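Enquirer: What follows is a protein structure lacking sequence information:
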Ligand code: NDP
């Protein structure tokens, strides 16, 4: 058989042709392919078996109508999705996003990324992602409940503890997971770990809520530790004020860093005195309980200022994008570099546009891509699955150690595959290390 030596342009031409109108998906595939194609040049088995081509094609995409009734008695319709991307190394695993911006392109990019991320954790989990273009903002609890029940009524046909185990993501927190788990249990008459991120009373794991944000900071600490430095004393700019952002901020404070900003879709607050533990509790309560806006922070903390837009113009040592995809443009990345940023650890999924990534890589700063830096959340989800199967609950200190060990091992894996002399290209390391495990499993299965 002739070994086809593909190049990025040709490969992406095929991906773009087969997936028209899906820019986020093209972006995610290209970012991985740019590292994987050179790596497989001298490994004919991956080429003969068309592994990368097959990995860029989801196993299955499910799209469904979700009807529900609002508090005014009006019938509403949304679109639900589950992208089951790749189950070569374990059941599909990945979050559910409820946000008006949700499209098939976004969920395919997230499912594709998730496959590599889950592989990096070292746990037996495949990649998937799901969601709906439903906006929970401004809806009553009862409306959210009716939506979640309707969404799960269809989704429940496609998931299962050994098949596909969803979790939370943007717009899907403890409340939504509770409603969805309750509906699954009612429909199937079984109590199994079919979702993760559950309440502690019904099978949830300690530190799952904290794990993504904590993990992104542990990753930064590992990168700095490798060069004899640490987060202690560093000024940090964080975007977002949801699950990932607030726990990233919490861990920065625990490690002795200073948090200068948090944001939401309305803008960011800059507190030159630093957002300390008390102020962080205020924000968690404001955003998660009161469901308010970050701008309200300045009503209480008068030294802080509110600005529309994103926080990347604030001078810092460490930047943690923890809100959403494509929230750091090339211009913003260059601004961060010009202001002396040393570390970027991506808490959100694909928060940096390709031009920005190139700037960080060229600038040779410590840049941790999301699939490595934010893998702590799904790692603890994997541990939640294990606890559910064994019907046990691990203690918090045991889980903290496991999370730190997993983040260290992902870091070390990235160093192994991403070293370029003294410098480490963590993006290359993560893409190649994530690829190998899934690729080897696919080779073992033959053509399926
Ligand atoms: P949340 O819904 O808890 O918080 C999202 C935050 O980002 C909110 O502050 C929200 O502001 C802000 N945000 C959302 N969309 C935009 C936008 N278009 N522009 C500006 N700000 C925006 O989500 P999570 O914290 O769970 O998720 C954040 C990111 O982390 C996502 O990329 C997600 O995929 C990723 N992630 C999450 C994991 C988890 O365990 N939760 C695991 C791995 C990755 P507002 O309140 O105004 O909407």
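Expert: Thanks, I have the structure now. Bear in mind the structure is a predicted one, so any value in this text is a computation, not a measurement.

Enquirer: where do the helices sit along the stretch 251-400 of the chain?
Expert: 277-284, 297-300, 330-338, 354-362, 370-373, 375-390, 396-418 (DSSP state H, counting those that start in this stretch).

Enquirer: Which among those helices is found nearest to the ligand?
Expert: Checking these against the ligand by Cβ to the nearest ligand atom gives helix 375-390 as the closest, at 3.1 Å. (Glycine included, C-beta is placed from N, CA and C.)

Enquirer: So, low pLDDT: which residues of the stretch 201-350 of the chain?
Expert: Judged against pLDDT under 70, the stretch 201-350 of the chain has no low-scoring part.

Enquirer: Phi and psi next, for the closest residue to the ligand within it.
Expert: Nearest to the ligand in the stretch 201-350 of the chain, going by Cβ to the nearest ligand atom, is residue 242, at a distance of 1.8 Å. Backbone torsions of residue 242, given as degrees, to the nearest 10, read phi -100, psi -150.

Enquirer: and the gap between it and residue 284?
Expert: Counting by Cβ to Cβ, to the nearest Å, the gap from residue 242 to residue 284 is 10 Å.

Enquirer: Neighbour count for these two, which is higher?
Expert: Higher neighbour count among residue 242 and residue 284: residue 242, with 23 against 17, using other Cβ atoms under 10 Å.

Enquirer: could you pull out the strands for this protein?
Expert: Shown for the chain, the strands assigned by DSSP state E span residues 60-69, 75-86, 92-98, 127-132, 164-167, 235-238, 258-264, 267-270, 305-307, 318-320, 343-345, 366-368, 419-420, 423-424.

Enquirer: And for the residue nearest to residue 59 when sequence neighbours are not counted, the neighbour number?
Expert: Nearest residue to residue 59, sequence neighbours excluded (Cβ to Cβ, 6 or more residues apart in numbering): residue 84, at 5.0 Å. For residue 84, the neighbour count with other Cβ under 10 Å is 23.

Enquirer: quick one: contacts for residue 84?
Expert: 58-62, 92, 111, 126, 128, 158, 164 (Cβ atoms under 8 Å, 6 or more residues apart in numbering).

Enquirer: Look up the residues forming beta bridges with it.
Expert: Taking DSSP bridges as the rule, residue 84 bridges to residue 60, residue 128.

Enquirer: confidence score at it?
Expert: Turning to residue 84, the model gives it a pLDDT of 98.

Enquirer: That one and residue 53, how far apart?
Expert: Residue 84 sits 18 Å away from residue 53, taking Cβ to Cβ as the criterion.

Enquirer: and if you look at residue 377?
Expert: Residue 377 is 29 Å from residue 53, by Cβ to Cβ.

Enquirer: near the ligand, which residues of the stretch 251-400 of the chain show up?
Expert: 264-266, 322-324, 347-349, 374, 377 (Cβ under 6 Å from any ligand atom).

Enquirer: Which residue, other than its chain neighbours, is closest to the spatially most central residue of the chain?
Expert: Central residue of the chain (Cα atoms, centre = their mean): residue 349, 4.3 Å from the mean position. Computed as Cβ to Cβ, 6+ apart, the closest residue to residue 349 that is not its neighbour in sequence is residue 370, at 4.9 Å.

Enquirer: give me every residue that touches that neighbour.
Expert: 113, 117, 346-351.

Enquirer: who's more crowded, residue 377 and residue 53?
Expert: Each of residue 377 and residue 53 has its neighbours counted (other Cβ under 10 Å); residue 377 has more, 31 against 16.

Enquirer: burial count for the closest residue to that one other than its chain neighbours?
Expert: Leaving aside its sequence neighbours, residue 377 sits nearest to residue 212 (Cβ to Cβ, 6+ apart; 3.2 Å). Using other Cβ under 10 Å, residue 212 is surrounded by 30 other residues.

Enquirer: wait, isn't residue 212 in contact with residue 376?
Expert: Yes - judged on Cβ atoms under 8 Å, residue 212 makes contact with residue 376 at a distance of 5.5 Å.

Enquirer: ok, now which ones touch the residue nearest to the centre of the chain?
Expert: 109-110, 113, 325, 370, 374.

Enquirer: repeat that with 7 Å
Expert: Listed by Cβ atoms under 7 Å, 6 or more residues apart in numbering, the contact set of residue 349 reads 110, 113, 325, 370, 374.

Enquirer: between those residues, which is closest to residue 27?
Expert: residue 325 (8.6 Å; Cβ to Cβ).

Enquirer: how far away is the nearest residue to that closest one once chain neighbours are set aside from residue 96?
Expert: With Cβ to Cβ, 6+ apart as the criterion, residue 325 has its nearest non-adjacent residue at 4.5 Å, and that residue is residue 350. Distance from residue 350 to residue 96, counting by Cβ to Cβ: 17 Å.

Enquirer: neighbour count winner among those two?
Expert: Taking neighbours as other Cβ under 10 Å, residue 350 and residue 96 compare with residue 96 leading, 30 against 25.

Enquirer: Against residue 244, how distant is that one?
Expert: With Cβ to Cβ as the criterion, residue 96 and residue 244 are 15 Å apart.

Enquirer: Same question for residue 103.
Expert: Residue 103 is 21 Å from residue 244, by Cβ to Cβ.

Enquirer: Repeat that for residue 212.
Expert: Residue 212 is 5 Å from residue 244, by Cβ to Cβ.

Enquirer: quick one: common contacting residues for the two?
Expert: In contact with both residue 212 and residue 244: 347, 374, using Cβ under 7 Å, 6+ apart.

Enquirer: and the gap between residue 338 and residue 331?
Expert: The value you get for residue 338 to residue 331, if Cβ to Cβ is used, is 10 Å.

Enquirer: re earlier: got CSV for the strands of the chain, with distance to residue 395 too?
Expert: Listed next are the strands of the chain as CSV, based on distance: least, Cβ to Cβ, whole Å:
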stretch, distance to residue 395
strand 60-69, 37
strand 75-86, 33
strand 92-98, 23
strand 127-132, 29
strand 164-167, 21
strand 235-238, 29
strand 258-264, 28
strand 267-270, 36
strand 305-307, 41
strand 318-320, 28
strand 343-345, 27
strand 366-368, 28
strand 419-420, 36
strand 423-424, 34
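
Enquirer: For residue 226, which of these is the nearest?
Expert: Among the strands of the chain, the nearest to residue 226 by Cβ to Cβ is strand 423-424 (7.5 Å).

Enquirer: tell me what the closest one is packed against?
Expert: Here strand 423-424 is seen to pack against helix 396-418 when contacts are counted using 3 or more Cβ pairs under 7 Å, 6 or more residues apart in numbering; DSSP states H and E.

Enquirer: which residues sit against the helix it packs on?
Expert: Contact partners of helix 396-418, identified using Cβ under 7 Å, 6+ apart, comprise 120-122, 205-207, 211, 214-215, 218-219, 222-223, 372, 375-376, 379-380, 383, 424-426, 428-430, 432-433.

Enquirer: In helices only, show me those residues.
Expert: Judged by DSSP state H, the subset of the contacts of helix 396-418 located in helices is 120-121, 211, 214-215, 218-219, 222-223, 372, 375-376, 379-380, 383, 426, 428-430, 432-433.
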